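**Q** this one's structure only:
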């Protein structure tokens, strides 16, 4: 299983880097949109819908939301900050609420257990992440920023895995994700702190005005949001009684199982860069 996970991860990483390097913004927006729609198909199963027509309608609804946001935020060109920032702000507020629900689970499920509420949750998880990723691409060196998003999430995950494996004793959210520990959490934070120091030391001249404190805050906030994204999807999967969201990726489960952390992190990184004056 570990070998299969590594092979699949390497293939995904290679395809991702090739796409970012070779495709223009509209094509990348379309590609990311297709991935979000595939994740929406998996989320529809977590909502409790079994019939393909119902799940297809949900995917269509998510696609329509993406189209509306693309038009509203003017993502096809240089998206105006005043159009995108409210969407990112609402997304960050949503993840704050999701954190409260994770901490309060299983009691909090009374607020979101119904199919319509879980469907709304799926839109709030997926659509703002797509907006954030496409908006990051519109920045100077936008492809690098999207790669940076993945690197921050991966660093937090790898740091948490190794520190949790060696020193993990105290459960972080036992009811939601029994394997996660506070020791792993702080290991991920430590790894991302080192990453932030490295990033700050390598900032290009045009971003020399960005302080070390700003880089630390944005990097750590992004890492923390990735943990919330992971725990939120784990909470919904636990309520649905499934281990994985799907079986699309050998050794990894579903696509949503790999996108959950990125969905939490993307809006936070994009908003953080805006507020930091990038």
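**A** Everything's here; your move. No experiment lies behind these values; they were computed from the predicted model shown.
**Q** CA atoms for contacts and neighbours, from now on please.
**A** Fine.
**Q** tell me the mean pLDDT over stretch 137-153?
**A** In this model, stretch 137-153 has a mean pLDDT of 91.
**Q** ditto for stretch 201-215
**A** Stretch 201-215 comes out at a mean pLDDT of 81.
**Q** ok, so what distance separates residue 74 from residue 25?
**A** According to Cα to Cα, to the nearest Å, residue 74 and residue 25 sit 12 Å apart.
**Q** more crowded one of the two?
**A** Set residue 74 next to residue 25 and count neighbours by other Cα atoms under 10 Å: residue 25 wins out with 19 against 16.
**Q** Can you give me the pLDDT of that one?
**A** 89.
**Q** OK, contacts around it?
**A** With contact taken as Cα atoms under 8 Å, 6 or more residues apart in numbering, residue 25 is in contact with 76, 134, 137-138.
**Q** Sort out which of the residues you listed are buried, if you could.
**A** 134, 137-138 (16 or more other Cα atoms under 10 Å).
**Q** Throw the residues you listed into CSV and include secondary structure and distance to residue 3, thanks.
**A** Putting these into CSV (DSSP: H, G, I helix; E, B strand; the rest coil; distance: Cα to Cα, whole Å) gives the following:
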residue, secondary structure, distance to residue 3
134, helix, 32
137, helix, 32
138, coil, 36
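**Q** which other helices and strands contact the strand or helix carrying residue 14?
**A** Using DSSP states H and E, residue 14 sits within helix 2-22. The contact analysis (3 or more Cα pairs under 8 Å, 6 or more residues apart in numbering; DSSP states H and E) places helix 2-22 against helix 142-167.
**Q** residues of the helix it packs on that come out buried?
**A** 142-146, 149-150, 152-161, 163-164.
**Q** could you measure residue 112 against residue 83, distance?
**A** When residue 112 is compared with residue 83 (using Cα to Cα), they lie 29 Å apart.
**Q** just the strands in this structure please.
**A** For the chain, the strands defined by DSSP state E occupy 171-173, 177-181.
**Q** Just put those strands in CSV and tack on distance to residue 124, mean neighbour count and mean pLDDT.
**A** Shown next, in CSV, are the strands of the chain (distance: least, Cα to Cα, whole Å; neighbours: other Cα atoms under 10 Å; pLDDT from 0 to 100):
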stretch, distance to residue 124, mean neighbour count, mean pLDDT
strand 171-173, 22, 18, 92
strand 177-181, 21, 18, 91
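**Q** if we compare these, which one ends up closest to residue 21?
**A** Taking Cα to Cα, strand 177-181 is the member of these nearest to residue 21, at 34.3 Å.
**Q** Direction included, what does that closest one pair against?
**A** strand 171-173 (antiparallel) (DSSP bridges).
**Q** Next, the nearest residue to residue 210 once chain neighbours are set aside: phi, psi?
**A** Nearest residue to residue 210, sequence neighbours excluded (Cα to Cα, 6 or more residues apart in numbering): residue 276, at 6.9 Å. Dihedral pair for residue 276: phi -80, psi 0, per degrees, to the nearest 10.
**Q** What are the buried residues along the longest helix belonging to the chain?
**A** Taking DSSP state H as the criterion, the chain has its longest helix at helix 212-240. Within helix 212-240, the residues that count as buried by 16+ other Cα under 10 Å are 214-216, 218-239.
**Q** what's the answer for stretch 113-133, then?
**A** 118-119, 121-133.
**Q** same question, stretch 189-196
**A** 189-193, 195-196.
**Q** among the residues you listed, which are in helices?
**A** 189-193, 195-196.
**Q** what's the spacing between the closest residue to residue 119 other than its chain neighbours and residue 10?
**A** Excluding the flanking residues, the one nearest residue 119 by Cα to Cα, 6+ apart is residue 47, at 6.2 Å. As judged by Cα to Cα, residue 47 and residue 10 stand 31 Å apart.
**Q** Could you do residue 202 as well?
**A** Taking Cα to Cα, one finds residue 202 at 26 Å from residue 10.
**Q** what does residue 156 give?
**A** 18 Å.
**Q** ditto for residue 142
**A** Taken as Cα to Cα, the span from residue 142 to residue 10 is 22 Å.
**Q** Now do the same contact list for residue 180.
**A** If you count contacts by Cα under 8 Å, 6+ apart, then residue 180 has 164, 171-174 around it.
**Q** Sounds good, over and out.
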